[in-house]
Each structure stands twice: as C-alpha cells, then as structure tokens.
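Novice: show me how the following folds:
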Amino acid sequence: MALPMEVRSIVHDVLSERLSAVVESRFDFGEFRLSESAKCGRYRVAKVLGMVKEEHDEVDAGYFERGHLIERWVVEGFRRKYPRRCRTQQEVKTPFGDTGHIDIWFPAERRIIEVKSVSDRVQDLPRIDHVMQVQAYMHFLRDSKGQRRADLTEIVYVRYGRQLAYEVHLIEYDSVVGQAIEDELRRLHELADRYELPPIPVSYEPTSPPCMTYYGEARRCPMWEQCWKGNEQAPQLDAPEVADWVREYAALDAEKKALQSQIKGLEEAMDAIKVKLGALLDIHGVKQVTADGVTVTRTIVNPKPKFDLDAAMQAGAISEDVVKAYQKPSTPQERWTVKRPKGQKEDEGA
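Specialist: The predicted structure is shown next:
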C-alpha cells in the first residue's frame with residue numbers, strides 16, 4: 001500500500017538536523033587553528049577578525065561526518081588494544097591560547113597518531129597541510145617545564161571508495177619547521193591584535209593557488225576581492241603571461257585531440273576482437289580465456305532502468321510539482337573552445 005504524498009520521512013528530519021548541527025558546532029573562528037598552519041596567513045587573520053567566514057552547507061557537513069566516523073573507527077581500535085598506553089583527543093595549547101586536539105598520543109613512545117580520510121582517487125600523500133598540522137602538534141605538545149613530549153607522528157590515511165584501504169606516513173619532528181610555525185603564529189596574533197592584515201605574499205598570483213583553486217571549476221578564495229580587485233598585480237588581458245597561457249592551452253588542446261584520434265582507432269580494433277572472442281565464449285559457455293599468462297574476462301553488466309518522467313507526467317502518473325520537489329540544482333558547466341587562424345592546422349597551435 002502506497003503512503004500518501006504528504007507523509008514525510010522521519011529519517012530525513014533526523015539526518016538533516018544532525019548535519020545542520022555539525023555545520024553550526026564544528027567551527028570556532030575566534031582562534032587560529034593548528035590544522036591551518038600551512039594556509040595563507042592573510043586569510044587566517046581575516047577569518048579570526050570576522051572579516052570573512054567559511055560558508056558550509058550540508059554537503060560539507062556530510063564530508064566532516066564521514067571523516068569523523070572513520071577517525072572514531074580507528075581510534076576505538078587503539079583504545080581497545082592499548083587502553084593504558086595511549087590517550088585520545090589529547091589537547092595541545094600554544095603559548096598564545098590557541099587549542100588543537102590530537103587524535104591519539106602515546107606518551108611513553110613520544111608518538112602521535114593522526115587519522116585522515118581521503119578518497120581512493122587522491123594522490124601525492126602526505127598532504128603538506130597535514131604535515132604542517134602534525135609538526136605544530138609535536139612542537140606545542142609540552143609538559144609543565146616546557147619540554148616537548150612527541151618526536152614522531154604517524155599520519156594514517158584511510159581511503160574510502162569501492163573498498164577501505166589505508167596507508168601510513170611517518171613524520172619526524174623538525175625543529176626548524178616547528179619554530180617557523182610558532183614565529184608565524186606569534187606574528188599573526190600581533191597583526192590580529194592591531195586589526196591589521198598581513199601583506200599579500202610576493203609569490204602569490206590572482207589566478208594561482210591558494211588565491212584561486214581548480215577542482216573541476218575555478219574557485220576564488222573568500223578574500224580574493226579584497227586582495228586582488230583593482231590591484232595592479234592582476235595581469236591585463238594583453239599581458240605576455242596571458243598570451244603564454246593561451247598558447248599552452250591551445251597546444252594541449254591539439255595534443256588531446258590527437259590522442260583522442262589514436263584512442264578511437266584502438267577502441268575500434270579492440271571492438272573487432274571482442275566480437276570474435278565473445279562468440280567463442282558463447283560457444284564454450286565460459287566467461288574468460290587465457291593465453292600467454294594473460295586472462296581476458298567478459299562480464300555482463302545489466303544497466304540500471306531509466307525512467308521517462310515526461311511520459312509519466314503526460315500520463316498523469318506523477319505531477320510536475322512532485323518532480324520539482326525532488327529535483328537537484330544543477331551546477332553550471334564551462335565549455336571551452338579553441339579557434340585558430342584560418343589555414344592553421346591544429347598541430348601548429350603551439
């Protein structure tokens with residue numbers, strides 16, 4: 001028996017309230033976070049002063065909760081195996097009043113365990129911001145006499161995807177890095193006390209990280225307008241470096257098209273062989289064949305059924321209002337094209 005449309009899932013209410021609570025409770029912008037030791041100092045001061053705020057929604061909250069669940073899963077394992085040897089959520093304070101929380105700390109071994117969750121597609125681990133975070137922990141974790149209490153950190157990356165996997169990176173304390181973190185934190189506090197922002201680092205550019213990042217789409221730092229709008233450091237459209245970007249993009253575009261042509265030829269050749277092998281597998285009633293130590297397997301995948309919403313609405317089986325209520329907003333997509341001078345071949349684009 002179908003439920004009337006006005007009946008609302010109580011699961012939705014519970015989970016939605018939970019994610020909203022995560023967004024509201026997770027972030028304290030009143031102090032400098034040790035987890036941001038590698039981030040732009042100008043942005044960090046602006047955030048502490050309330051000049052900018054990180055906007056987080058339920059999608060972000062979902063990521064935070066997933067990381068928290070994986071972290072708790074690992075931490076509980078250590079609690080069970082080493083109940084007296086380790087401490088969890090160990091508080092670490094800086095001389096300036098900032099607070100951090102270490103996932104797991106072994107006092108006798110002078111060792112820290114920090115748990116991070118990442119997608120199975122992420123490369124180039126450990127991340128520099130995670131390394132700087134644990135360097136800060138090792139530098140500021142001290143006893144009442146000011147003596148450091150950790151020399152080594154294990155960053156445990158738990159990868160999520162089709163299956164759970166993990167990898168461990170050992171990070172030794174570096175006194176030069178630790179002192180640099182402390183010196184910078186002191187400077188940021190002094191600037192914040194004067195309600196003053198640090199200058200833009202000379203190595204920063206308006207179209208490069210961290211001022212602008214690229215994850216499928218270009219994203220500006222929340223401070224971008226204040227740092228770069230009207231700033232003469234932003235290149236003009238006819239600047240030499242902009243011309244270099246155009247030339248490089250055109251060359252890469254031509255190279256991509258050449259590769260796609262090669263790939264298409266390879267796929268056509270493979271399709272011809274698949275027809276022959278498929279017929280052979282059908283005859284013998286098997287799903288794989290082996291030659292020269294190489295095994296080729298054919299797997300039959302049944303596609304998910306597709307639904308024709310237009311036909312359903314025309315038949316009166318579902319209303320347009322119901323469809324709109326469950327529609328997800330789409331993200332605008334960028335389309336880039338390269339137009340070359342007349343007569344110029346694509347391999348001359350560079």
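Novice: phi first, then psi, for Tyr157.
Specialist: The phi/psi pair for Tyr157 (degrees, to the nearest 10) reads phi -100, psi 110.
Novice: so it touches Leu125, yeah?
Specialist: Yes - using CB atoms under 8 Å, Tyr157 and Leu125 qualify as a contacting pair, with a distance of 5.6 Å. Yep, even glycine has a C-beta here, placed from its N, CA and C like the rest.
Novice: more crowded one of those two?
Specialist: It is Tyr157, of Tyr157 and Leu125, that has more neighbours when counted by other CB atoms under 10 Å, with 19 against 14.
Novice: just list whatever residues bridge to the more buried one.
Specialist: Lys116, Glu167 (DSSP bridges).
Novice: re earlier: joint contacts of Tyr157 and Leu125?
Specialist: Val118, Glu167, His169 (CB atoms under 8 Å, 6 or more residues apart in numbering).
Novice: show the buried residues in the residues you listed.
Specialist: Val118, His169 (16 or more other CB atoms under 10 Å).
Novice: pipe the shared contacts of Tyr157 and Leu125 into a markdown table and attach distance to Ile104 and pLDDT per row.
Specialist: Formatted as a markdown table, those follow (distance: CB to CB, whole Å; pLDDT from 0 to 100):
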| residue | distance to Ile104 | pLDDT |
| --- | --- | --- |
| Val118 | 18 | 86 |
| Glu167 | 17 | 90 |
| His169 | 15 | 94 |
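Novice: and the shared contacts of Tyr157 and Leu125, which is closest to Lys339?
Specialist: Distance to Lys339, by CB to CB, is smallest for Val118 among the shared contacts of Tyr157 and Leu125, at 39.3 Å.
Novice: give me the pLDDT value at the nearest residue to the closest one once chain neighbours are set aside.
Specialist: In this structure, Val118 finds its nearest non-sequential neighbour in Tyr157, 5.3 Å apart by CB to CB, 6 or more residues apart in numbering. Note on Tyr157: pLDDT of 92.
Novice: from Asp120, how far out is Tyr157?
Specialist: Distance of Tyr157 to Asp120, computed by CB to CB, to the nearest Å: 10 Å.
Novice: strands along the protein, start to end?
Specialist: Along the chain, the segments classed as strands by DSSP state E run 87-93, 99-106, 111-119, 152-160, 165-172, 212-214, 218-220, 288-291, 294-297.
Novice: fine, thanks again, bye for now.
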